[in-house]
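S.K.: The following comprises the amino acid sequence and a computationally predicted model.
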Amino acid sequence: MTTYAQQPKTLELPWPFTGREQELGLIRRSLAAGRHGIAVTGPAGCGKTRLVTEAVRGTDCARVTGMPESGGLPFAAFAHLLPETVSLHRAVQLLSGVRLLVVDDAHLLDEASAALVHQLAAHGRTRLIVVAADDAPVPGAVSRLWTGELLPRLALEPLPREETAQLLAMGTPLEPLTVNRLHRVCRGDLRLLRDLLGALRESGPLNPLPGTGEWAWRGPVPVTATVRERMAPALDRSGPGERDALERLAFAEPLPLHLDGLDLDVLERLEADGLLHVDDHGGVHLAHPLHGPALRATAGRLRARRLARTPGWCGPALAAEQRELTSRIEEWDVRPLPTPVGEWLAAEGAPVPAGYAAVRARFSRLRGELREAAAWAREGLREAPGDASCRAELALAAAQSGDVAPLEEDTVSEAEPAAGGTAVWAAAARGDLDGAVGALSEDGVYALYDVVRLGAPERVAGRLPEAGVLARHADALLRGDGPALDRAARALEERGFLLFAAEAHAQAVRAHRDPRAARTSRTRAVALARRCQGARTPALSGLVLGELTARQRQIVTLAAAGLSNRQIAEQLTLSIRTVGNHLYSAYARLGASDRGALPWLMDLPETASA
């Protein structure tokens, strides 16, 4: 059984800028000649200010910030830029020489400051970046910036899961189930995410997973000041029966309560305020994933003892999840599927049955989520260290990540499930493709399809189910048909097979006769492979940097890190024109339209030359 040692309190919590490449490029382009700027809106904590700060880094700009306590003071936000007494007309004149003005927290501006910002956008020569929360009241003069089309509006969404994982990967290495849990609880709220990470680091709930170099979070949510702030809509309910209903729903998680057992008047009030929702089957859930864990953590000990349930009570629901996962695998459909019961067991640190864990690991592996597949397999091995299916899934995830060590240290016997697949990918990870193809197992459609992925479709011709997406991939590869491989890749992606789709696009690169089509396939392959958590399979080799010259690789790496052409030129002692020419050639070879795509391309694990 795996044990968890307490985490030391010396772990650092870096918070570099990452992700948001497209949004970053959009803001920077809005500051080009002939443009008036941009308005950036989004929910609290989604990283608006951090994004804008990165966009204007190295430029000469003035900044103002709205403050809630200064709403009654005219031009309060501009106090450091304007005389003590000034008219609106004079303020516009005085600020007309400012080339770039960043207005942060514009929803908190006093009326005079809001009017000044509007006038600068309408009549001034100053370029503006206006940042406002869209979940708070906004002064009319500010909202009319985008509703009146004075400035284009970038409505920033919460940071998606992939970019949250990319951000977290730059600090303390966290295992995938912890990353998923943090993203689910925070919903892309970076302020809350940072607060929770700090609390986990300080109070010790992060613990190392032996043999992985990663840290895991199991157990309750730390109730920090930011957590309490985000919970205020639930904690501050004072209506009759409202707090009781919320706590009952919290302790019922991960399953819903049925309408029949609750006060409908209370539920209607809570639903109207967005605190719960009712599904099509009459089940009632808390609307925000943070509220359940936080309400459980803040309930009194006696109250928690009365409402709490043991993990075993959700056994039938867990079995239903396992059946649905198995059915989807058999139907060649691994699109995202909610698994709240299994995720709740893992989050609480409760035992996850090995049978469920192995199926969940296989589902993740077929989606290309290799690190997540390994994490689920380890959850099953915590309580059943000898389980063959979990050991096989762990080995397969490792092999398709290019890691041979776990296979050599923990060989799966031929009598165990998935042994054939393990042998295939063990040989592939060692670079022995002939041995991999020779290890083909007759057991199952996916085992046959592995040979297609390894580039030997002739070995399984006519043996995959006809008209199925896997057979279409095999046929296109056998005929060397680039467009058909791209079509097969799109069909695979639609069914959730992200890694298979990346491999099909990569195979299309070598099959296309049209260089432009080959570049497009390469770009799609790289973008998909980036989402596959470190996948290193033979089909993906040589995708990105192998075709660039040494100088192009050097310049592209710096551009992907966010350096401007001028900064790259200064660092490498080149002319700006030379840097631009190298980048243009690199874009053509990589199939990228501009530098915004480079971080996606460069994030693919380093591969051999094509």
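M.R.: Nice, I can see it. Numbering: from 1, shown residues only.

S.K.: the helices in the stretch 101-250 of the chain, which residues?
M.R.: Secondary structure of the stretch 101-250 of the chain, counting by DSSP state H, counting those that start in this stretch: helices at 111-123, 140-147, 161-168, 176-186, 190-203, 225-235, 242-252.

S.K.: Touching the third one from outside, list them.
M.R.: The reference is to helix 161-168. 15-16, 18-20, 159, 174, 176, 179-180, 182-183, 186, 188, 190, 193, 197, 530-531, 603 (C-beta atoms under 8 Å, 6 or more residues apart in numbering). Every residue, glycine included, has its C-beta placed from N, CA and C.

S.K.: that's a strand at Leu267, yeah?
M.R.: No. The assignment for Leu267 (DSSP: H, G, I helix; E, B strand; the rest coil) gives helix, which keeps it out of a strand.

S.K.: Quick check: it vs Gly282, distance?
M.R.: 11 Å (C-beta to C-beta, to the nearest Å).

S.K.: who touches both of these two?
M.R.: With C-beta under 8 Å, 6+ apart, Leu267 and Gly282 have common neighbours Leu259.

S.K.: Comparing the two, which residue is more hemmed in?
M.R.: Using other C-beta atoms under 10 Å as the criterion, Leu267 and Gly282 rank with Leu267 on top: 20 against 11.

S.K.: Does that one touch His285 like I think?
M.R.: No. Look at Leu267 against His285 with C-beta atoms under 8 Å: they stay out of range, at 11.4 Å.

S.K.: what's the overlap in contacts for the two?
M.R.: Residues touching both Leu267 and His285 (C-beta under 8 Å, 6+ apart) are 276, 278.

S.K.: Now the helix or strand harbouring Leu270: average pLDDT?
M.R.: Using DSSP states H and E, Leu270 maps to helix 264-272. Here helix 264-272 scores 93 as its mean pLDDT.

S.K.: moving C-terminal of it, what's the next helix or strand?
M.R.: Next element after helix 264-272 (DSSP H and E): strand 276-278.

S.K.: Okay, now the sheet partners of that next one, with direction.
M.R.: The strands beside strand 276-278 in its sheet (DSSP bridges) come out as strand 283-286 (antiparallel).

S.K.: C-terminal to the partner strand, what's the next element?
M.R.: For strand 283-286, the following helix or strand on the C-terminal side (DSSP H and E) is helix 291-298.

S.K.: what inclination does that next one have with respect to helix 242-252?
M.R.: On the basis of axes from the mean of the first three to the mean of the last three C-alpha atoms, to 10 degrees, helix 291-298 is oriented at 100 degrees to helix 242-252.

S.K.: Packing partners of helix 291-298?
M.R.: With contacts taken as 3 or more C-beta pairs under 8 Å, 6 or more residues apart in numbering; DSSP states H and E, helix 291-298 sits against helix 225-235, helix 242-252.

S.K.: If you count neighbours, what's buried in the last one?
M.R.: Going by neighbour count (16 or more other C-beta atoms under 10 Å), the buried part of helix 242-252 is 242-243, 245-252.

S.K.: what's the angle between that helix and helix 225-235?
M.R.: Using the same axes, to 10 degrees, helix 242-252 lies at 120 degrees relative to helix 225-235.

S.K.: ok, residues contacting helix 242-252?
M.R.: Helix 242-252 is contacted by residues 234, 237, 256-257, 262-263, 266-267, 269-270, 275-276, 284-286, 291-293, 295-296, 299, 303-304, 307-309 when judged by C-beta under 8 Å, 6+ apart.

S.K.: how does this protein divide into domains?
M.R.: The chain breaks down by automatic domain parsing into domains covering 21-155, 161-217, 225-309, 444-541, 543-602.

S.K.: just those: most buried one?
M.R.: Mean neighbour count (mean count of other C-beta atoms under 10 Å) peaks for domain 444-541 among the domains of the chain, with a mean of 21.

S.K.: Rounded mean pLDDT for that one, please.
M.R.: 92.

S.K.: what distance separates the start and the end of it?
M.R.: Chord length of domain 444-541, first to last residue, is 26 Å (C-alpha to C-alpha, to the nearest Å).

S.K.: got a list of what the nearest residue to Leu498 once chain neighbours are set aside touches?
M.R.: Closest residue in space to Leu498, ignoring its immediate chain neighbours: Gly368 at 4.0 Å, by C-beta to C-beta, 6 or more residues apart in numbering. Taking C-beta under 8 Å, 6+ apart, we find Gly368 in contact with 497-500, 502, 528, 531-533, 535.

S.K.: mind running it again at 6 Å?
M.R.: By C-beta atoms under 6 Å, 6 or more residues apart in numbering, the residues touching Gly368 are 498-499, 532.

S.K.: Rebuild these as JSON lines, extending it with distance to Arg360 and secondary structure.
M.R.: Listed next are the contacts of Gly368 as JSON lines, based on distance: C-beta to C-beta, whole Å; DSSP: H, G, I helix; E, B strand; the rest coil:
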{"residue": "Leu498", "distance to Arg360": "17", "secondary structure": "helix"}
{"residue": "Leu499", "distance to Arg360": "17", "secondary structure": "helix"}
{"residue": "Cys532", "distance to Arg360": "17", "secondary structure": "coil"}
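
S.K.: residue ranges with poor pLDDT in the stretch 301-450 of the chain?
M.R.: Residues of the stretch 301-450 of the chain meeting the criterion pLDDT under 70: 311, 403-420, 441-443.
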